[in-house]
Each structure stands twice: as C-alpha cells, then as structure tokens.
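> Let me see the structure of the following:
(one chain, ligands or ions: 2)
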Amino acid sequence: MVRYGEIFLKSEPVKRRFISIMTGNISLALEVEGLTHCIETPRGRILIFGDEPRRIAALVARTFGVVSVSVCTVTTADINGLAAAAVEHAERHLRPGMSFAVRARRSGVEGFNSQELGAAVGSAVLDRVPEATVDLTTPDYEVFVEAREFGGFVYDEKISGPGGLPYGTQEEVMALLSAGIDSPVASWLMMRRGCRMVHVHMHSGRFGGADGERNVLQNHARLSAWVPGHPLDLLVADMEPFFEVVTALKEPRYRCILCKRFMLRVASILAGERGAYALVNGDNLGQVASQTLANMTVIAPAASVPVLRPLIGFDKEEIVDRARAIGTFEAHPGNVGCTVAPRYPSTAAPAATIALIEEELDVESLAARAAGTVRRYRAKNGEVEEAG
Ligand code: ATP
Ligand code: MG
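Ligands and ions are numbered 1, 2, ... in the order given. Below is the predicted model of the structure:
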C-alpha cells in the first residue's frame with residue numbers, strides 16, 4: 001500500500017494525471033529489477049500486488065511522490081477477517097510483557113465504526129497473547145487495520161518514502177552539477193519536486209583537479225538511480241579557454257564572480273537549446289565568497305533563465321546529511337580543487353567593474369564557444385550508459 005501526500009490537494013484531473021505519472025514511474029522501477037507486479041489505484045491509495053512485496057516496497061520507498069509504503073496482508077473488510085490477520089501479525093512481534101496498540105480505520109464500509117473495529121481486534125490479539133498489555137500512547141508495537149470499500153488491509157510497518165511530487169510532473173530544469181557536495185543535493189531536491197532533470201558540468205581542464213570529472217560522473221550516475229528507467233543526460237562544456245583569459249587578468253579578486261557568471265551564461269545557452277525552463281545550482285547563502293548576498297546579486301543577472309537555489313537557506317550539516325542519505329556524499333573526493341580561485345576573493349564585487357572586465361574579455365563569444373564544445377553523457381539506472 002502506497003501513500004501519497006499533497007497530491008491529495010489537487011483537483012481531480014490534476015490528481016489523476018499525477019497518479020498516473022507516479023504509477024508509471026513505479027512500474028518502470030519494478031521492471032528494471034524484473035519484479036512482476038500489478039497496480040490498482042482505488043481512492044486515495046496505490047495498491048501494488050506482486051510475489052516479492054518486500055523488494056517491491058523497498059523500491060517504491062525510493063520513488064518521488066511517495067510518502068510511505070506498507071507491506072500488507074489483504075483480507076475481507078470485516079472485523080473477523082481483519083482480526084485474524086492482525087493476530088497473525090502480532091504473534092510474530094509481540095512478546096509477553098510488551099505493550100501494543102491497534103490503529104483502526106474505516107471508510108466506505110458499514111456495520112461498525114473504527115473504535116469498535118479497534119476494540120474487537122485488540123481483544124482478539126489479547127486472547128492470543130494474554131501477557132501483552134494495551135498502551136495507546138507509547139506502545140512497543142503497533143498494528144494497523146484498515147477496512148476500505150476495496151478490501152481489508154493489515155500491516156505493522158510504514159517505510160518512509162522521499163515525498164515530493166512524481167518525477168516528470170514538472171517541466172525540465174538544468175542543474176549545474178559539480179564534484180562537490182551541494183549541487184547533487186540541489187539537483188535531487190528539484191527532481192523530488194517533480195522536475196525532469198538534465199545536468200550540466202563545466203570542465204576546468206588543466207585548471208581543475210584530476211578527479212573532478214570522474215566525481216561528477218559518479219554524482220550524475222547516482223542521481224540517475226533515483227529515477228529508474230529514465231535516461232538522465234549530463235552535458236560537459238569546456239571552460240579551459242575562459243580560465244586562460246581570466247587568469248591573465250591583473251586583478252585576481254573577481255575571478256570567482258566572473259567564473260560563476262560565465263557558468264550561468266553558458267548554462268543559459270544550453271538550457272535554451274533544450275527548452276529547459278530554469279537552472280538549478282547549489283548556492284547556499286554565505287557559504288563562500290561568491291555566495292554572499294552582495295555577490296549573488298551581481299552574479300544572478302548573467303543568467304537569461306530563472307535560477308532555482310533549493311539549498312539557499314540550509315545549514316551545511318543539513319546538506320551533508322541529505323547527501324549521505326541520497327548516496328552522493330563522498331568522504332574522500334580526491335583532487336577536485338580549483339586552482340583559479342584567488343586567496344582573497346572579493347565578497348562584494350561592484351557590478352560596473354565586472355561589466356567592464358567582461359566586455360574587455362568578450363565573454364559573450366567565449367560563452368557561445370564553450371556552449372559549442374559540449375560532450376554528452378547519458379546515465380540510466382545508476383550507470384553511465386553511453387557518451388556522445
Ligand atoms: P558544490 O557547491 O556542488 O559542493 P562547489 O562547492 O565546488 O560545489 P561552489 O563554489 O559552492 O561549488 O559553487 C556553487 C554552485 O555552482 C555549485 O553548487 C554548482 O551548482 C555550481 N558549480 C560550481 N562548479 C561547477 C562546475 N564546475 N560545473 C557546473 N556547476 C558548477
Ligand atoms: Mg558549494
């Protein structure tokens with residue numbers, strides 16, 4: 001049994017569309033693992049039937065839009081059927097001296113209310129395990145019984161899903177993906193919010209660490225594992241020529257601002273070519289010199305499409321925790337350092353100065369050229385599939 005959250009709040013036609021996208025995604029994920037199954041969508045729930053319910057539940061619990069999943073015993077929607085199944089569940093977990101609670105729900109079924117259902121099931125459990133006690137506030141064990149018009153369901157575990165909206169219910173966005181910790185989390189959050197994703201990485205050539213591209217590919221592959229069956233593209237553009245002219249400038253203080261603006265410029269061109277609606281990056285207020293509010297204000301206008309910054313108000317700790325949970329955190333990322341970053345970067349670059357420098361460098365044609373160098377990698381199911 002799959003539960004979803006805010007999709008409930010949508011109008012009927014929107015809800016139908018979102019649920020059909022979500023069940024499509026669930027089917028894809030199960031097919032990738034060779035799990036035969038069938039899906040029903042009665043009111044308010046998604047029911048998946050298959051021979052390997054535990055494996056199915058584990059995969060579904062990684063599907064965007066899913067709030068929680070339970071492996072259920074299906075019974076008739078009456079007190080006797082539900083009580084018999086609940087007793088079976090309780091016998092497996094309830095030891096003498098433990099406390100328990102029955103959580104009962106009923107909808108679309110006549111003849112008893114949920115209190116009566118709960119009480120009847122509770123006494124059936126006590127008959128079988130008389131040394132157990134009832135505790136409705138902090139029980140050691142909970143068993144859930146639901147009487148619905150489409151059947152009776154008994155379970156004692158809820159596996160949390162990622163929540164969010166089904167992947168593909170929102171338009172495509174392009175995330176700037178680095179070898180770091182933040183940007184994979186930013187991409188994941190927008191995928192979780194339903195956006196179709198494409199990644200772009202700016203390759204620093206001889207100005208970057210030797211392990212940069214390998215780590216980006218790894219982040220890219222791991223993120224693709226969150227949308228099984230869907231191809232996920234990574235575009236890699238070459239920034240080496242830009243770094244060559246930037247490092248030749250007398251003034252090193254503005255390099256990071258120029259670099260970040262250049263990335264947005266190139267990514268905007270690529271987003272425009274693909275029809276992606278917005279860019280996504282891992283900016284996090286105050287994290288580094290280029291992410292002071294003053295500098296972000298100077299950097300942002302270089303983009304010609306909106307830039308989404310889902311991590312803007314996170315603490316680093318929260319980002320790291322999330323990176324660990326989604327599987328993109330690397331304790332030893334290797335040599336990914338940037339050799340262009342100055343020792344004393346400006347924390348508040350004057351916009352007019354930046355504009356003058358960019359005119360001098362002719363960044364517009366540099367950006368157009370960088371956008372023309374793109375190599376494409378495609379990942380699927382956690383593996384980089386092909387390059388072209
Ligand atoms: P991350 O923020 O992903 O940990 P980082 O700390 O190396 O990487 P920052 O200097 O914080 O990068 O850059 C802010 C954002 O700019 C990143 O979150 C990412 O979205 C984007 N970015 C940085 N470097 C690159 C790159 N080489 N290619 C594409 N995007 C990049
Ligand atoms: Mg960062």
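
> When you work out contacts or count neighbours from here on, use the C-alpha atoms and nothing else.
Fine.

> ok, how many other residues are close to Met174?
The tally of other residues near Met174 (other C-alpha atoms under 10 Å) stands at 31.

> Spell out which residues of this protein are next to ligand 1.
Taking C-alpha under 6 Å from any ligand atom, the part of the chain that reaches ligand 1 is made up of 176-178, 180-183, 200-203, 281-283.

> Which pair of those residues spans the longest distance?
His203 and Asp283 (18.4 Å; C-alpha to C-alpha).

> show me where the protein has helices.
12-32, 53-60, 79-93, 114-128, 182-192, 212-224, 240-247, 255-274, 293-299, 316-326, 351-361, 363-371 (DSSP state H).

> who wins for proximity to Met1 among those helices?
Using C-alpha to C-alpha, the helices of the chain put helix 53-60 closest to Met1, at 8.5 Å.

> Let's see the closest one as PDB, backbone CA atoms only.
Presented in PDB, the C-alpha positions along helix 53-60 are these (Å, rounded to 0.1, in the frame of the first residue of the first chain):
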ATOM      1  CA  PRO A  53       6.300  -7.500  -1.600                       C
ATOM      2  CA  ARG A  54       9.400  -6.600   0.500                       C
ATOM      3  CA  ARG A  55      11.600  -5.900  -2.500                       C
ATOM      4  CA  ILE A  56       8.700  -4.000  -4.200                       C
ATOM      5  CA  ALA A  57       8.200  -1.900  -1.100                       C
ATOM      6  CA  ALA A  58      11.900  -1.100  -0.800                       C
ATOM      7  CA  LEU A  59      12.000   0.200  -4.400                       C
ATOM      8  CA  VAL A  60       8.700   2.100  -4.100                       C
END
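
> Can you give me the buried ones in that helix?
For helix 53-60, the neighbour count (16 or more other C-alpha atoms under 10 Å) marks Pro53, Ile56, Ala57, Ala58, Leu59, Val60 as buried.

> Surely the second one and Leu35 touch.
It stands for Ile56. Yes - using C-alpha atoms under 8 Å, Ile56 is in contact with Leu35, at 7.3 Å.

> any shared contact partners between the two?
When contacts are counted by C-alpha atoms under 8 Å, 6 or more residues apart in numbering, Ile56 and Leu35 are jointly contacted by Gly50.

> Put together TSV for the residues of the chain next to ligand 1, with neighbour count and pLDDT on each row.
What follows is the residues of the chain next to ligand 1, written out as TSV (neighbours: other C-alpha atoms under 10 Å; pLDDT from 0 to 100):
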residue	neighbour count	pLDDT
Leu176	23	98
Leu177	28	97
Ser178	24	93
Gly180	19	90
Ile181	22	93
Asp182	22	96
Ser183	26	97
Val200	28	98
His201	25	96
Met202	22	96
His203	20	94
Asn281	23	97
Gly282	23	97
Asp283	22	96
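
> Where does the prediction get shaky in the chain?
331-333, 386, 388 (pLDDT under 70).

> mind checking the backbone torsions on Gly5?
phi -110, psi -100 (degrees, to the nearest 10).

> what about the closest residue to it other than its chain neighbours, neighbour count?
Spatial nearest neighbour of Gly5, chain neighbours left out: Val67 (6.0 Å); criterion: C-alpha to C-alpha, 6 or more residues apart in numbering. A total of 22 residues lie near Val67 under the criterion other C-alpha under 10 Å.

> Verify the stated contact: Val67 with Pro166.
No - using C-alpha under 8 Å as the test, Val67 is too far from Pro166 to be in contact (11.0 Å).

> Now the common contact residues for the two.
With C-alpha under 8 Å, 6+ apart, Val67 and Pro166 have no common neighbours.

> Distance to Ala147 for the residues of the chain next to ligand 1 - can I get that in TSV?
Formatted as TSV, the residues of the chain next to ligand 1 follow (distance: C-alpha to C-alpha, whole Å):
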residue	distance to Ala147
Leu176	48
Leu177	47
Ser178	49
Gly180	49
Ile181	45
Asp182	44
Ser183	44
Val200	49
His201	51
Met202	55
His203	57
Asn281	46
Gly282	45
Asp283	48
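
> Fine by me, thanks again.
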